[in-house]
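**Q** My questions concern the predicted model and sequence given below.
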Amino acid sequence: MIIDKAFYLRNDVLQIGQELLGTILHTRVDNKITSGIIVETEAYCGSIDRASHAYPGKLTNRNKIMFEAGGRAYIYLIYGIHYLFNIVTNKSDMADAILIRAVEPVSGVETMMQRRGKNSMERITSGPGILTEAMGIDKSFYGEDLTGNRVWLEYAPGNFEKIQIVKTTRIGVDYAGDDAKLPWRFYIKDNPWISKP
DNA sequence: TAGAGGATTGAT
DNA sequence: TCAATCCTCTAC
């Protein structure tokens, strides 16, 4: 079952960040469908979180999609190299978003290995910058509706009930001072696909 | 309009 | 440990 708009529009980015674990992310690029179970996320809250691009409610040309209503994709380039995929949540003017840091490949594995230039499944989607490459996500997905037919999410019945969620600090946000210590990174306990330093 | 730096990765 | 690499933001 496709995850609908109401899921993303709730005013609780931390709750949504955890509920996304175990759901399935799909993309359709070049008529090829790739899918993966979301196993690692990070929450960013624009109004109170110094690690967020939208702190403190700052609207720029880059992050403006975060101020739209939830259920859209926020894509941006980091270090001039990698695109990162974020899910916008909450109602309009509330700049909350969730970074997808890792997925577990489910289908379209051949396509993902090909895009990553690898011969094995090892580490083809275990990191925010490489899962976008594997799934064909680039800047053209900026603002894409997450209930459309290029990228969408789906509930995986039973998954959420059986997983254990680990809460810890986010990665690469040392510049955010005390907010870098917030336990807003979530991942599935013992899952081999989470990103590793 | 120029300059600094980043929600990362992979090779050394 | 460190370079790659380019877009965005900020200040002049």
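**A** Thanks, I have the structure now.
**Q** Residues of chain A that sit close to DNA strand B?
**A** A:42, A:44, A:51-54, A:74, A:77-82, A:84, A:86, A:97, A:99, A:116, A:123, A:127-130, A:170-173, A:175, A:195 (CB under 7 Å from any atom of the strand). (C-beta placed from N, C-alpha, C; glycine too.)
**Q** Would you mind checking the residues you listed for buried ones?
**A** A:42, A:44, A:51-54, A:74, A:84, A:86, A:97, A:99, A:116, A:127-130, A:170-171, A:173, A:195 (16 or more other CB atoms under 10 Å).
**Q** Tell me which of those fall in strands.
**A** A:Glu42, A:Tyr44, A:Tyr74, A:Leu84, A:Asn86, A:Ala97, A:Leu99 (DSSP state E).
**Q** Just the closest of those residues to A:Glu144, please.
**A** A:Tyr74 (9.6 Å; CB to CB).
**Q** helix or strand right after the lowest-mean-pLDDT helix or strand in chain A?
**A** Lowest by mean pLDDT, DSSP states H and E among the helices and strands of chain A is helix A:159-162, with a mean of 80. Of the helices and strands lying after helix A:159-162 in sequence (DSSP states H and E), the nearest is strand A:165-168.
**Q** by contact count, what packs against that following strand?
**A** Applying 3 or more CB pairs under 8 Å, 6 or more residues apart in numbering; DSSP states H and E, we find strand A:165-168 packed against strand A:185-188.
**Q** Give the pairing partners of the strand it packs on; include direction for each.
**A** strand A:32-45 (antiparallel), strand A:165-168 (antiparallel) (DSSP bridges).
**Q** A:Glu154: how many residues sit nearby?
**A** Applying other CB atoms under 10 Å, we find 14 residues neighbouring A:Glu154.
**Q** and it, bridged to which residues?
**A** A:Ile2, A:Ile24.
**Q** Could you measure from it over to A:Lys64?
**A** Relative to A:Lys64, A:Glu154 is positioned 28 Å away (criterion: CB to CB, to the nearest Å).
**Q** same question, A:Leu84
**A** 16 Å.
**Q** next one: A:Leu21
**A** 28 Å.
**Q** Check A:Asp174 too.
**A** 26 Å.
**Q** Between those two, which has more neighbouring residues?
**A** A:Lys64 (14 against 11).
**Q** Next, the contact list for the more buried one, please.
**A** Not one residue lies near A:Lys64 by CB atoms under 8 Å, 6 or more residues apart in numbering.
**Q** so A:Ile24 makes contact with A:Leu153?
**A** Yes - taking CB atoms under 8 Å as the definition, A:Ile24 is a contact partner of A:Leu153 at 6.7 Å.
**Q** Just give me the neighbour total for A:Asp4.
**A** Neighbour count for A:Asp4, taken as other CB under 10 Å: 13.
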